[in-house]
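Peer 1: The following block contains a protein sequence and its predicted model.
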Amino acid sequence: MGKEADATFFPLKVKGSLIKLVYFSTNGVDSSSSSSNESLAASNGDRGRHVLEGKLHFAKFETEKINDCIDFIRSKQLLLTGSQQHGASGSAKCVIKATGGGAYKFPDLFKEKLGISLDKADEMDCLVAGSNFLLKAVQREAFTYMDGQREFVKIDHDDLYPYLLVNIGSGVSMIKVDGPGKFERVSGTSVGGGTFWGLGKLLTKCKNFDELLELSHQGNNRVIDMLVGDIYGGMDYTKIGLISTAIASSFSKVISDDKELKDYKPEDISRSLLRMISNNIGQISYLNALRFGLKRIIFAGFFIRGHAYTMDTIAVGVHFWSKGEAKAMFLKHEGFLGALGSFMSYEKHGFDDLKVHQSVQQSPAGDDPPNGELNENQSIDCSVYLSQ
Ligand SMILES: Nc1ncnc2c1ncn2[C@@H]1O[C@H](COP(=O)(O)OP(=O)(O)OP(=O)(O)O)[C@@H](O)[C@H]1O
Ligand SMILES: CC(C)(CO)[C@@H](O)C(=O)NCCC(=O)O
């Protein structure tokens, strides 16, 4: 594969099931000598600094295929740093930012195979930095999802905080974000994306996550879940606001069925499981939003995968419990918050010669893939500032 870029900076989020990689490529344009870009630098009080125009790219790899990730880094020649390119610290050893458990697990492998050192960045700091960056800098990033419709939300920068960030990875973290770098992890639950994938794998024999998610499209959870109507002779329980089709108890129908696991369709199991976990996360999130008076709940993490049924369940749950007061929002680059945040942290941790220009535009909206998974192969045009 040919050389992808002249200057790259790439942080990793190496965790539980997936490795996320965000990298910057310039396509060889150093704008410090171009008059139009010089004036851009000057207008930001950054006269004299190199400005690199380029793109942020996003990639993910299953952790068990870490060698694919290493080959990718090698084949794209991601090992050049911007400062090396500019001769500022040509002899500097190559250090990459990494967050999550893998930063603790894989340093030797990266050292041995690529000769690079992993510099650990705090996971929560990175999640919040990544989320704030996306919400503030990237247009057409945050959206609501209702009745099968995605509606992009224009974020007013003066009215962004506070919000609740719910990161649904293997486990779930709920973080009250009050400003740049100002946040508190207020809650969490171990019933998250890993639970869906783990239980789903056991119960359906699916070999990969995409297969399990795909199955949920075709399933019918009523075969597995006990509905209010099953308990109340097909009627709503109007007095407490529960319609007959509401789930009274997830998975409870199987108790009275004289059936074994093999008698249930994997697609029905997958759908019930997805509904149970999404509902539960939606409800705990709403309760935490209520606890702190937050109106905006941003859901991220790779569990979501731009999946219509997942987003619908979460959004409907938040709408239902908050009686329309709180709003669930989703992000296009939902799974890359931590990796993006560690990208931003190059600035804080010794690489103080790197800044991402905030007024980025996204590549044309036409890039959106039709299957609703929006977060991959969606590069973001941006500028990186390098001090001399
Ligand atoms: N291809 C995939 N393989 C495995 N899991 C996937 C895949 N795509 C989506 N997922 C889901 O994403 C979850 C992991 O999400 P993510 O990568 O955001 O979190 P993480 O960083 O591994 O977890 P945590 O934050 O709890 O440490 C999995 O548990 C699974 O539900
Ligand atoms: C442990 C982390 C933060 C690792 O990413 C995540 O998996 C998580 O938030 N789990 C939920 C743990 C809990 O709050 O019960």
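Peer 2: Arrived safely. Ligands and ions are numbered 1, 2, ... in the order given.
Peer 1: Tell me how many other residues crowd the closest residue to ligand 1 within the stretch 251-388 of the chain.
Peer 2: Distances between the stretch 251-388 of the chain and ligand 1 by Cβ to the nearest ligand atom are smallest at F302, namely 3.3 Å. (C-beta placed from N, C-alpha, C; glycine too.) Other residues near F302 come to 23 when the count uses other Cβ atoms under 10 Å.
Peer 1: Might you list the low-confidence residue ranges for the stretch 51-200 of the chain?
Peer 2: 79-94 (pLDDT under 70).
Peer 1: what are the ranges of the helices in it?
Peer 2: For the stretch 51-200 of the chain, the helices defined by DSSP state H, counting those that start in this stretch cover 66-75, 82-85, 102-105, 107-114, 123-137, 193-204.
Peer 1: and the fourth one, which residues are buried?
Peer 2: Taking 16 or more other Cβ atoms under 10 Å as the basis for neighbour counts, the residues of helix 107-114 that come out buried are 107, 110, 113.
Peer 1: cool, and the first one?
Peer 2: Residues 66, 69-70, 72-73 are the ones in helix 66-75 that count as buried (16+ other Cβ under 10 Å).
Peer 1: Can you lay out the residues you listed as CSV showing distance to ligand 2?
Peer 2: Listed next are the buried residues of helix 66-75 as CSV, based on distance: Cβ to the nearest ligand atom, whole Å:
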residue, distance to ligand 2
I66, 18
C69, 19
I70, 23
F72, 23
I73, 23
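Peer 1: Format the residues you listed as TSV; extra columns: distance to M146.
Peer 2: Shown next, in TSV, are the buried residues of helix 66-75 (distance: Cβ to Cβ, whole Å):
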residue	distance to M146
I66	38
C69	36
I70	42
F72	37
I73	40
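Peer 1: and the stretch 101-250 of the chain, which residues reach ligand 2?
Peer 2: The stretch 101-250 of the chain has residues 123, 169-173, 188-190 near ligand 2, with proximity defined as Cβ under 6 Å from any ligand atom.
Peer 1: can you list the domains in the chain?
Peer 2: 12-125+336-386, 142-224+264-331 (automatic domain parsing).
Peer 1: Any idea how far apart the tips of the shortest one sit?
Peer 2: Meaning domain 142-224+264-331. Start and end residues of domain 142-224+264-331 are separated by 5 Å (Cα to Cα, to the nearest Å).
Peer 1: can you give me the offset of that domain from its chain's centre?
Peer 2: 11 Å (Cα atoms, centre = their mean, to the nearest Å).
Peer 1: Who are the contact partners of the closest residue to the residue of the stretch 251-388 of the chain closest to ligand 1 other than its chain neighbours?
Peer 2: Residue nearest to F302 in three dimensions, not counting chain neighbours: G335, with 3.8 Å by Cβ to Cβ, 6 or more residues apart in numbering. Contact partners of G335, counting by Cβ atoms under 8 Å, 6 or more residues apart in numbering, are 18, 20, 60, 300-302, 304-305, 375.
Peer 1: Can you name the residue of the stretch 51-200 of the chain nearest ligand 1?
Peer 2: G169 (2.2 Å).
Peer 1: who touches L340 in this structure?
Peer 2: So L340 contacts 11, 22, 56, 126, 129-130, 133-134, 333 (Cβ under 8 Å, 6+ apart).
Peer 1: Check the gap between it and ligand 2 for me.
Peer 2: From L340 across to ligand 2, the span is 16 Å (Cβ to the nearest ligand atom, to the nearest Å).
Peer 1: tell me the angle of the helix or strand where that residue lies relative to helix 123-137?
Peer 2: Using DSSP states H and E, L340 maps to helix 337-344. With axes from the mean of the first three to the mean of the last three Cα atoms, to 10 degrees applied, the angle from helix 337-344 to helix 123-137 works out at 80 degrees.
Peer 1: Look at Y309 and say how many residues are nearby.
Peer 2: Count around Y309 with other Cβ under 10 Å applied: 16.
Peer 1: Revised request: answer the last question for E184.
Peer 2: The number of residues near E184, taken as other Cβ under 10 Å, comes to 13.
Peer 1: Excluding chain neighbours, what is closest to it?
Peer 2: K176 (5.1 Å).
Peer 1: got it, and L118?
Peer 2: A98 (4.2 Å).
Peer 1: my read: that neighbour touches S342, true?
Peer 2: Yes: assessed by Cβ atoms under 8 Å, A98 is found in contact with S342 at 6.6 Å.
Peer 1: nearest to E214, of the contacts of L340?
Peer 2: Distance to E214 across the contacts of L340 (Cβ to Cβ) is lowest for H333, with 22.1 Å.
Peer 1: The closest one touches S379, doesn't it?
Peer 2: No: judged on Cβ under 8 Å, H333 makes no contact with S379 at a distance of 10.3 Å.
Peer 1: Quick check: neighbours shared by these two?
Peer 2: F58.
Peer 1: Just say helix, strand or coil for F303.
Peer 2: coil (DSSP: H, G, I helix; E, B strand; the rest coil).
Peer 1: burial count for the residue lying closest to it once chain neighbours are set aside?
Peer 2: Leaving aside its chain neighbours, F303 sits nearest to G193 (3.0 Å; criterion: Cβ to Cβ, 6+ apart). G193 has 26 neighbours, counted by other Cβ under 10 Å.
Peer 1: repeat for the one 3 residues further on
Peer 2: Using other Cβ under 10 Å, F196 has 25 neighbouring residues.
Peer 1: so how far is D178 from P162?
Peer 2: Note on P162: its distance to D178, by Cβ to Cβ, to the nearest Å, is 5 Å.
Peer 1: Understood, closing this out.
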